[in-house]
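**Student:** Let me see the structure of the following:
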Amino acid sequence: MPVLDTHLDTRSEVFLKNRTDMLEMIEEMNQLGAEAARGGGDEAVARLRARGKLPIRERISHVLDRDSPFLEISALAAWRSSYTVGSGFVMGVGVIENVECVILGHDPSVRAGAFNPFNAKKLMRGLEIARVNRLPYVQFVESAGGDLSGDRSEDPEAAIRREVDHFAESGRLFYEISELSKLRIPTISVVFGSSTAGGAYQPGMSDYTILIQNQSQVFLGGPPLVKMATGEDADVESLGGADMHATASGLGDYLARDEMDAIRMCREVVGHLNWRKRGPEPAADFAPPIHDPEGLLGLVSRDLRQPFDVREVIARIVDGSRFEEFKPLYGPTLVCGWATLHGYPVGVLGNNGALFSESAEKAAQFIQLCNQIDTPLLFLHNITGFIVGTDFEQGGITKNGSKMINAVSNSTVPHISIILGASYGAGNYGMSGRAFGPRFTFIWPTAKIAVMGPKQMAGVMSIVGRASAERRGQAFDEAADAKRAAHVEHWAEERSKGLYATSRVSDDGMIDPRDTRTVIAMALSACFSNDVKGAKEFGTWRM
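**Tutor:** Below is the predicted model of the structure:
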């Protein structure tokens, strides 16, 4: 494959400004990550340690193979809500006994590990990652059940709607864990403390359950609820203690002496699974990119109207910076081609402008070709959408854009999406946005995700309002419209920012651009735990 050249001037004023802005955004991201890592705070962690308990991140670090990485998912969930940043759960993909597993842990320092709308969504995402990638699912359970305090930033009506959705998600949890077992994907629970109500079903529905003597407690209702429901005065150990479940109820499969003994048992269980990846092994003789990934820091401007060449990204993430471009002279606003990344073959689609008919057709053909040869697809987003206008509609943009979306929808090879800059409207769909089921989606700090750009949204609302007033024969209030447009633009701008999107678990996490290659490699490795087989048939396309 040809080696991509670079035309990035790392000494230019533009590059240096972009780099400074990116480092500022990365610093904010890292500060929030550190806040999430502190869980419920120093006092809460000190109380845990006084009871002989480890913080959740230490529990996870001990179960992982020595010096192996942990790909954390949705680390900044719940930012700008009344819940703790991180949402009280830690979830990601890590290696235990040479087996890649999805690992989910309740953080007991945050409201006793209780469920809330953010971590419930995070948990469901973890189950989805385990299912579609065929990864064993390990839960470190310590939960007081549902957090009844609610998000104090919500209005009452929104809170009621959220509670209904949360109830549905919590119920779905039990189904999803059971389904993993049906699919022969092992589920393992280690119970580190009290697991009440919904938290009790996590070990109850798992294939393997490990309890800790004089520490684990599992019951549908604790002593206070039992007293109110039945009048019985029950003591904790008789009602749901680890010894009782190991000797009487049969819920406990293993009884550990302490936390480290339970973690040892968890590793032993994973070790006996006889687990094998279904996908082919990556090539062993790959080389790192020849272009410095530090260059990624100055590539994208805060002002996403400033273009950049996506080939500069590709050159800094693929093996040896080698890239075989497909149809380089046709549909140039979408770059397509083949490469390898950490030895894994990938088909890359990257935006270099809006999607025109030609670029959409090229994408549809390229996606078909990658499915024919069982090659995963990597989507690099910087897209304002499909081109609009009379000439383009007459030229078939809706028809040809639909071909691309059809191809994305019916493709069965793994998709990985990285949102570098803008990802607006149907452009997000065409580039395999979250609604189209990519195996993993990560974003850069510069990412923005929305139905359309903030200025366009405010402008469209003004045009519609003006037309409505004209139909009614009323005078149009320019001052009120300007005020309303400014409010809409500000609102849309704030909610389109990547930090807001990632905090609502609409992607799998915000990453430092310099880590892009490593993150994609870990995601690809997880994908290859399952079969990697392309679709042989696609839906009907208008010719």
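
**Student:** mean confidence score for stretch 45-62?
**Tutor:** Taken as a whole, stretch 45-62 has an average pLDDT of 96.

**Student:** Can you show me the CA trace of that stretch as PDB?
**Tutor:** Output in PDB follows, covering the C-alpha atoms of stretch 45-62 (Å, rounded to 0.1, in the frame of the first residue of the first chain):
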ATOM      1  CA  VAL A  45     -13.500   6.300  50.200                       C
ATOM      2  CA  ALA A  46     -11.900   6.500  53.700                       C
ATOM      3  CA  ARG A  47     -15.000   5.000  55.200                       C
ATOM      4  CA  LEU A  48     -14.800   2.100  52.800                       C
ATOM      5  CA  ARG A  49     -11.200   1.400  53.600                       C
ATOM      6  CA  ALA A  50     -12.000   1.500  57.400                       C
ATOM      7  CA  ARG A  51     -14.400  -1.400  56.800                       C
ATOM      8  CA  GLY A  52     -11.700  -3.400  54.900                       C
ATOM      9  CA  LYS A  53     -13.100  -2.600  51.500                       C
ATOM     10  CA  LEU A  54     -11.300  -1.500  48.300                       C
ATOM     11  CA  PRO A  55     -12.500   1.300  46.100                       C
ATOM     12  CA  ILE A  56     -14.100   0.000  42.800                       C
ATOM     13  CA  ARG A  57     -11.200   1.100  40.600                       C
ATOM     14  CA  GLU A  58      -8.700  -0.900  42.800                       C
ATOM     15  CA  ARG A  59     -11.000  -3.900  42.700                       C
ATOM     16  CA  ILE A  60     -11.000  -3.800  38.900                       C
ATOM     17  CA  SER A  61      -7.200  -3.200  38.700                       C
ATOM     18  CA  HIS A  62      -6.600  -6.300  40.800                       C
END
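
**Student:** can you give me the strands for the stretch 351-500 of the chain?
**Tutor:** 377-383, 415-424, 440-443, 448-450 (DSSP state E, counting those that start in this stretch).

**Student:** Give the residue spans of the stretch 351-500 of the chain that score low on pLDDT.
**Tutor:** Across the stretch 351-500 of the chain, the ranges flagged by pLDDT under 70 are 451-458, 460, 488-493.

**Student:** Which residue ranges of the stretch 101-250 of the chain form helices?
**Tutor:** 117-133, 156-182, 198-204, 223-230, 236-240, 242-244 (DSSP state H, counting those that start in this stretch).

**Student:** Please identify the buried residues of the first one?
**Tutor:** Which is helix 117-133. Within helix 117-133, the residues that count as buried by 16 or more other Cβ atoms under 10 Å are 117-127, 129-133. Every residue, glycine included, has its C-beta placed from N, CA and C.

**Student:** comparing the helices of the stretch 101-250 of the chain, which gets the lowest mean pLDDT score?
**Tutor:** With a mean of 67, helix 156-182 has the lowest mean pLDDT of the helices of the stretch 101-250 of the chain.

**Student:** so what's the residue nearest to S409 when sequence neighbours are not counted up against?
**Tutor:** Leaving out its chain neighbours, the residue that sits closest to S409 by Cβ to Cβ, 6 or more residues apart in numbering is F436, at 6.3 Å. Applying Cβ atoms under 8 Å, 6 or more residues apart in numbering to F436 gives the contacts V408, S409, H415, Y429.

**Student:** if we can go back for a sec, can you list the helices of the stretch 101-250 of the chain in JSON lines and add distance to T10?
**Tutor:** Listed next are those as JSON lines, based on distance: least, Cβ to Cβ, whole Å:
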{"stretch": "helix 117-133", "distance to T10": "36"}
{"stretch": "helix 156-182", "distance to T10": "46"}
{"stretch": "helix 198-204", "distance to T10": "50"}
{"stretch": "helix 223-230", "distance to T10": "63"}
{"stretch": "helix 236-240", "distance to T10": "61"}
{"stretch": "helix 242-244", "distance to T10": "58"}
